[in-house]
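J.: here is my input; please provide its structure:
(chains A and B)
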Amino acid sequence: MAKNEKLVSSITSMDTDFAQWYTDICKKAELIEYTSVKGCMVIRPYGYAIWENIQHILDTMFKETGHENVCLPMFIPESLLNKEKDHVEGFAPEVAWVTYGGKEKLEERLCVRPTSETLFCEHYANIIHSYRDLPKLYNQWVSVVRWEKTTRPFLRSREFLWQEGHTIHATAEEAIIETEQMLNIYADFCEKALAMPVIKGKKTESDKFAGAVSTYAIEALMHDGKALQAGTSHYFGDGFAKAFDITYTDKNNTIQIPHQTSWGVTTRLIGAIIMTHGDDNGLVLPPAVAPIQVVIVPVAQHKEGVLEKANEIYNTLKAAGIRVKLDDSDNSPGWKYSEYEMRGVPVRLEIGPRDIEENHCVAVSRHNREKVFLSLDNLAESVKERLQAVHDGMYAKALANREEKTYSCTSMEEIKEMLATKGDGFVKAMWCGDEECEDKVKAETGVGSRCIPLEHEDISDKCVCCGKPAKHMVVWGKAY
RNA sequence: CGAGGUGUGGCUCAGUUUGGUAGAGCGCCACGUUCGGGACGUGGAGGCCGCAGGUUCGAAUCCUGUCACCUCGACCA
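T.: Okay, here's the model as predicted:
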């Protein structure tokens, strides 16, 4: 392994400086490049291809559950943004404004959408009249702008790509079911496509979305023990509908107010992948979203028959629907091994004269570097099995990391001690429901409330802070 | 946004204290030899020192401002 350290010396090791390690990977795996505008990055082809794969899988899940894609404007007139009081207050500090059109000052300034609830509401008010018009299950894939003070690639940028689902329903029950359904879709996606375990939970009052009745989120734990909110799903009740005057006539010819939801995930998921699975050799990509699932590295490719065989393998795998790349550049095999490990390619196949003689190739799994020989007969099948094994291995590893860094605590002292001795992580502790206690826990221990998990656990019957009867089990953590 | 740190070819950095007109290694390009964990030889290209002002006969070096990145806080997908 000593030699190995030298190979990857260009990436700062995770233990030395996790933040620098993260930045190194973003740059060296060619996911992003900075631009002259703070917080606005170029997502390079390799990074964007990951996003395209995320989009494709999620979009399919959305469509399977009856959602339709739309596209709304990127500008919101100030008066429209101002219609829902909590919503404006939540977003006003971080919106960017357009005040000029060419040389003329605008009568009313336009905000660059930080999120599109208000636009959807304006639209719904126009198109919804009857119970027959409901529900509307809309989603859009767009970018939004939030003028953040501190920015980091993927985790917090001023412009970011996301999808925002906005649905409107006849009844509260239906909207609540939608909110839960989308939370479940996100959690399934994270676990099955990104190999990333998440905790589904409800946000506390102080932490919920501006204008929502309740906010649900999936929370993931990164390799360094910090929490990352990976997706949110909000139930709005009829608050927005009232503010925007959206009504419909029901079967009995009486005017009713509909109920709404919104839900979203962003390019932050790419940051989550990096920080959940990455290691000191670079990126480790889950097979489902990896732009290249298998890279073929020919060894002694100048020798007769090697490139021919490599091409044959390439064609076989490609025909089987695997995203495969053959690197026949004249870099040395060793160089290629390191390069594709840094880029996180899940499986590498090595094929050289000795392999050809024995009718097999070498398969190396990125996440654990395990090497096996695979027969060239039925190769597509066995490669698919390897990809599945990589996914399973990555999930197990990420889950083990989370378990190891999850602590159940019954007192403030215990929280402090666990964090001090075992490092950052998820802290499970009971809470009375009082905001004062929530703030106090954060102020004294450094960990804030992440969510109230849907799967309840009884750690004790008393609030970890005040000792009064507990209402909820809360997962606490330091957040990105 | 508050406190601290760093900006020098694509990358990692030396040079800044004490001003005198820019270096190394890696990478890149060409050719040849190589090829089972980042190969080697020979030749070559590439930087007005983050940017803008100022001081000075003269600024990578001193001063002011600004931008970007990193760390720790506060805010957030």
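J.: helices and strands around the helix or strand where residue A:107 lies, which ones?
T.: If you go by DSSP states H and E, residue A:107 is part of strand A:104-112. Secondary-structure packing of strand A:104-112 (3 or more CB pairs under 8 Å, 6 or more residues apart in numbering; DSSP states H and E): strand A:75-77, helix A:78-81, strand A:96-101. Placement of C-beta: from N, CA and C, glycine included.
J.: pull the residues that contact whichever helix or strand comes after it.
T.: Counting by DSSP H and E, the element after strand A:104-112 in chain order, helix or strand, is helix A:117-127. With contacts defined as CB atoms under 8 Å, 6 or more residues apart in numbering, helix A:117-127 is touched by A:72-73, A:76, A:80-81, A:83-84, A:87, A:113, A:133, A:136, A:138, A:166, A:168, A:211, A:236, A:240-241, A:243-246, A:258, A:260, A:262.
J.: any idea which helix or strand carries the nearest residue to residue A:364 once chain neighbours are set aside?
T.: Distances taken as CB to CB, 6 or more residues apart in numbering place residue A:348 nearest to residue A:364, at 4.6 Å, with adjacent residues excluded. Assessed by DSSP H and E, residue A:348 sits inside strand A:347-351.
J.: show me what that strand is in contact with.
T.: Residues from elsewhere that reach strand A:347-351 (CB under 8 Å, 6+ apart): A:287, A:293-299, A:306, A:309-310, A:313, A:333, A:337, A:340-341, A:361-366, A:374, A:383, A:386-387, A:390.
J.: any stretches of chain A with poor pLDDT?
T.: For chain A, applying pLDDT under 70 flags the ranges A:1-10.
J.: wait, does the top helix by length along it contact RNA strand B?
T.: For chain A, the helix with the greatest residue count under DSSP state H is helix A:379-404. No - residues of helix A:379-404 are not located near RNA strand B by CB under 7 Å from any atom of the strand, the shortest gap being 14.0 Å.
J.: report all helices and strands that that helix contacts.
T.: Secondary-structure packing of helix A:379-404 (3+ CB pairs under 8 Å, 6+ apart): strand A:214-221, helix A:268-277, helix A:306-319, strand A:347-351, strand A:360-365, strand A:371-375.
J.: out of those, which gets nearest to residue A:403?
T.: In terms of CB to CB, the element of the helices and strands packed on helix A:379-404 nearest to residue A:403 is strand A:214-221, at 9.4 Å.
J.: so what's the residue in the stretch 151-300 of chain A that RNA strand B sits nearest to up against?
T.: RNA strand B sits closest to residue A:229 of the stretch 151-300 of chain A, with a gap of 3.3 Å, by CB to the nearest atom of the strand. Counting by CB under 8 Å, 6+ apart, residue A:229 makes contact with A:217, A:218, A:219, A:450, A:479, A:480.
J.: checking my notes, it in a strand, right?
T.: Yes - Residue A:229 sits within a strand when classified using DSSP: H, G, I helix; E, B strand; the rest coil.
J.: near RNA strand B, which residues of the stretch 301-450 of chain A show up?
T.: A:301-302, A:330-339, A:341-342, A:350-355, A:361-362, A:364, A:369, A:371, A:442, A:446.
J.: one more time with 6 Å
T.: A:301-302, A:330, A:332-335, A:337-339, A:341-342, A:350, A:352-355, A:362, A:364, A:369 (CB under 6 Å from any atom of the strand).
J.: so among the residues you listed, which ones count as buried?
T.: With burial judged by 16 or more other CB atoms under 10 Å, the buried subset of those is A:301, A:337, A:338, A:339, A:341, A:342, A:350, A:352, A:355, A:362, A:364.
J.: now the second one: which helix or strand?
T.: Assigning secondary structure by DSSP H and E places residue A:337 in helix A:333-342.
J.: residue of chain A closest to RNA strand B, please.
T.: In chain A, the residue that lies nearest RNA strand B is residue A:19 (1.4 Å; CB to the nearest atom of the strand).
J.: how is chain A carved up into domains?
T.: For chain A, automatic domain parsing gives the domain ranges A:8-277, A:294-387, A:406-477.
J.: quick one: closest of those to residue A:400.
T.: Each of these was scored for nearness to residue A:400 using CB to CB, and the closest is domain A:8-277 (9.6 Å).
J.: coming back round to it: reformat the contacts of residue A:229 as JSON lines; add distance to residue A:121.
T.: Output for the contacts of residue A:229, formatted as JSON lines (distance: CB to CB, whole Å):
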{"residue": "A:217", "distance to residue A:121": "22"}
{"residue": "A:218", "distance to residue A:121": "25"}
{"residue": "A:219", "distance to residue A:121": "28"}
{"residue": "A:450", "distance to residue A:121": "29"}
{"residue": "A:479", "distance to residue A:121": "29"}
{"residue": "A:480", "distance to residue A:121": "30"}
